[in-house]
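Colleague: This is a predicted model, with the sequence first.
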Amino acid sequence: MCGIVGFTGSRKAAPILLKGLTRLEYRGYDSAGIAVLHDGAIEVDKVSGRIAKLSEKTKDGSLVPGVIGIGHTRWATHGAPTDINAHPHLSNDGKFAVVHNGIIENYLALREELIADGYVFQSETDTETIVHLLEMYYTGDIKSAVMKTASRLEGSYALGIVSTDAPETLFVVRESSPLILGIGVGENYFASDVTALVAHTKNVIYMEDGEIAELSPNAISVYDCTGQKITKPVSRVTWNVEAAEKGGYDHFMLKEIMEQPAAVKAALAPRIHEGQIRLDDFELTAEDLKDVRKIIITACGSAYYAGCSGRYVIERLCRIPVEVELASELRYADPMVDEHTLVLVISQSGETADTIAALKECRSRGAKIIGIVNVVGSTIAKLADYTLYTWAGPEIAVATTKGFTTQLAVLYLFAVYAAEKLGRLSPEKYDSLIRQLMNLPKRIQEAIDMNYQIPSVASRYASQSLFFIGRNTDYAIALEGALKMKEISYLHAESYAAGELKHGTIALIDENQPVIAVCCNEVLADKTLSNIVEVKARGAKVLALAFRGNTKIVSQADDVIFIPRVDAVFSAILAVVPLQLLAYYAAKEKGCDIDKPKNLAKSVTVE
Ligand code: M6R
């Protein structure tokens, strides 16, 4: 949940580290620090709060001399977000500084052992144990000290290390936390995410678990966990630095909402050739699919809601039973999974700890795993048997938008592909679904364009508490709409299956309780309409979301947001867009920090 960067070269390190950290700030933003080596000593600057505060303190890094260093932006796990708990942490002899993304699970035992050996701790962090272990194991060979230290650590870590005894060389090691090396000309880098590297280089090396690397300005050497040198492939990043910038928008979230037509097109178009779906990434035969007795979709947060929505589509088109499970529950549920189960693991970041654990749990029971992932080279992409990338490009805002809609797009593709293979679709139906899929990017653009009034609607509905209701795929989107509202505007928002209201929740409905009714599933629209009438009878103000041309809804709801008409199976990908905008403008009205909501971080790499 933290971001780490490192630089070695002949340019001043601190400004490069600060810029890199700014790009990683979405990963955690409660404190930050850098450590730069100069004249044989490590200078550490760290602050509680945002990178901007650190930049101010160091005058954008200009006050810090030195051409090699490491940096960190933190999402606190062990110890409050104070200056002292901020990374980097220094060894007692001042020879090592360490930045760490991850969690050391056995840190208490290590801490006791190190204190007994005379090491003095400054912070409450798990990370500080690492730097004292390095000092303890160091006898002149840093790589060997890193290997010995790593062998004592339980949990997850990507470590960046600088040492006074290696004035040009950075050391890194990874286990279950992302770590990428950037190859420059006469300079090299490491970071938690390529977004921190693309301004300097597009040539990167993805580190695997257990690997260690040494980076000097002109060379990168990678070793396996036994210390043997290995050759790693160099990958090319396909997007430009502009993709990770705001490009004139006030917030990344708004930019990413607006990018959805292009992102969904990038997810769909390359996989549809001459009216046929071809999963470039892999192929499932009819026999493979006939062997599947059930599908489990597992994920967290919005990715889970994408799964809830995808379930209806897969069941409807393929007639295979689908269960959608929160990864944090599935991992401990002793799940009924075997070799006849196909598991779809959905994750934008590909690094969510609970989702990874659920994947491993299902894999250990013989299931085949398809990862639906955005971040290339991420842990889930590597662990899955097959990966369907969502190709959304970098998503920086903590609240996911294009990450979510591209997950839906890939789920739709999968559903139509599998249904066709299983012989569940007539050629006419298949052609019609393919045409509609191809048109979704345009329809999403229309859903954005026709809803220019949302800022004023948001200001009328952004009250202390909101209910979102819907049925079937509309319910899944109501869940996502409520989550979006909560996470960025801090308004209380609850989502209910519309038919459930009368089983208790309706007791809360009165004139102070606005209801947002998602009513796009035409088969069930009349049923949801009845629920709208029920809440209106109890005084609620109702904002409905419906297909263009739905005249019935206009007579019942107080306000209506329309989206273009599509086949009901694909309505969710359009319906969610106005709800994203509604949450965005409600949060803007309240003056919230939209891209970095309080207490959150983009990728949740802790349990
Ligand atoms: O990276 P992932 O898709 O695995 O992340 C899962 C959730 O943490 C994520 O969707 C979260 O709920 C978002 N902040 C919601 O906007």
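Modeller: That came in fine, so what should we check first? Residues are numbered from 1 along each chain as shown.

Colleague: For the ligand, what's the nearest residue on this structure?
Modeller: Nearest to the ligand in the chain, going by C-beta to the nearest ligand atom, is Gly301, at a distance of 2.0 Å. Where C-beta positions appear, they are placed from N, C-alpha and C, glycine not excepted.

Colleague: Now for that residue: which residues touch it?
Modeller: 400, 483, 604 (C-beta atoms under 8 Å, 6 or more residues apart in numbering).

Colleague: Could you identify the least confident member of the residues you listed?
Modeller: Minimum pLDDT for these is recorded at Val604 (83).

Colleague: does that residue really touch Cys300, like I thought?
Modeller: Yes. Contact between Val604 and Cys300 holds when scored by C-beta atoms under 8 Å: they sit 6.9 Å apart.

Colleague: Can you lay out the contacts of Gly301 as JSON lines showing neighbour count?
Modeller: Formatted as JSON lines, the contacts of Gly301 follow (neighbours: other C-beta atoms under 10 Å):
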{"residue": "Thr400", "neighbour count": "28"}
{"residue": "Leu483", "neighbour count": "22"}
{"residue": "Val604", "neighbour count": "19"}
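
Colleague: what subset of these is also close to the ligand?
Modeller: 400, 483, 604 (C-beta under 6 Å from any ligand atom).

Colleague: Just the contacts of Gly301: which are in helices?
Modeller: Using DSSP state H, the members of the contacts of Gly301 that fall within helices are Leu483.

Colleague: overlap in contacts of Val604 and Cys300?
Modeller: By C-beta under 8 Å, 6+ apart, the residues touching both Val604 and Cys300 are 352, 354.

Colleague: for the ligand, what are the nearby residues on the stretch 301-450 of the chain?
Modeller: Checking the stretch 301-450 of the chain against the ligand by C-beta under 6 Å from any ligand atom, the hits are 301-303, 347-349, 352, 355, 398-400.

Colleague: which residues touch Glu208?
Modeller: Per C-beta under 8 Å, 6+ apart, neighbours of Glu208: 174, 382.

Colleague: ok, now with 10 Å
Modeller: Contact analysis of Glu208 by C-beta atoms under 10 Å, 6 or more residues apart in numbering lists 174-175, 179, 222, 224-225, 230, 232, 377, 379, 382.

Colleague: Dump those residues to a markdown table, plus distance to Pro270.
Modeller: Output for the contacts of Glu208, formatted as a markdown table (distance: C-beta to C-beta, whole Å):
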| residue | distance to Pro270 |
| --- | --- |
| Arg174 | 30 |
| Glu175 | 34 |
| Leu179 | 28 |
| Val222 | 31 |
| Asp224 | 34 |
| Cys225 | 37 |
| Ile230 | 32 |
| Lys232 | 27 |
| Gly377 | 19 |
| Thr379 | 24 |
| Lys382 | 21 |
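
Colleague: Give the PyMOL command for selecting the buried subset of the residues you listed.
Modeller: Buried residues among those (16 or more other C-beta atoms under 10 Å), as a PyMOL selection:
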select buried, resi 174+175+179+222+377+379
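
Colleague: of all the contacts of Glu208, which comes closest to Ala498?
Modeller: Closest approach between these and Ala498, by C-beta to C-beta: Thr379, at 37.6 Å.

Colleague: So among the contacts of Glu208, where is pLDDT lowest?
Modeller: On pLDDT alone, Gly377 ranks lowest of these, at 87.

Colleague: Isn't that residue up against Leu181?
Modeller: No. If you go by C-beta atoms under 10 Å, Gly377 and Leu181 don't touch, sitting 11.5 Å apart.

Colleague: So for those two, which residues contact both of them?
Modeller: Residues touching both Gly377 and Leu181 (C-beta under 10 Å, 6+ apart): 204-207.

Colleague: So which of these belong to strands?
Modeller: Among the shared contacts of Gly377 and Leu181, DSSP state E puts 204-206 in strands.

Colleague: Please dump these into JSON lines; it should also carry distance to the ligand for every row.
Modeller: Below are those laid out as JSON lines (distance: C-beta to the nearest ligand atom, whole Å):
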{"residue": "Val204", "distance to the ligand": "20"}
{"residue": "Ile205", "distance to the ligand": "22"}
{"residue": "Tyr206", "distance to the ligand": "17"}
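
Colleague: Just send these back as TSV, with neighbour count too.
Modeller: Formatted as TSV, these follow (neighbours: other C-beta under 10 Å):
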residue	neighbour count
Val204	22
Ile205	22
Tyr206	20
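
Colleague: Nothing else from me, thank you.
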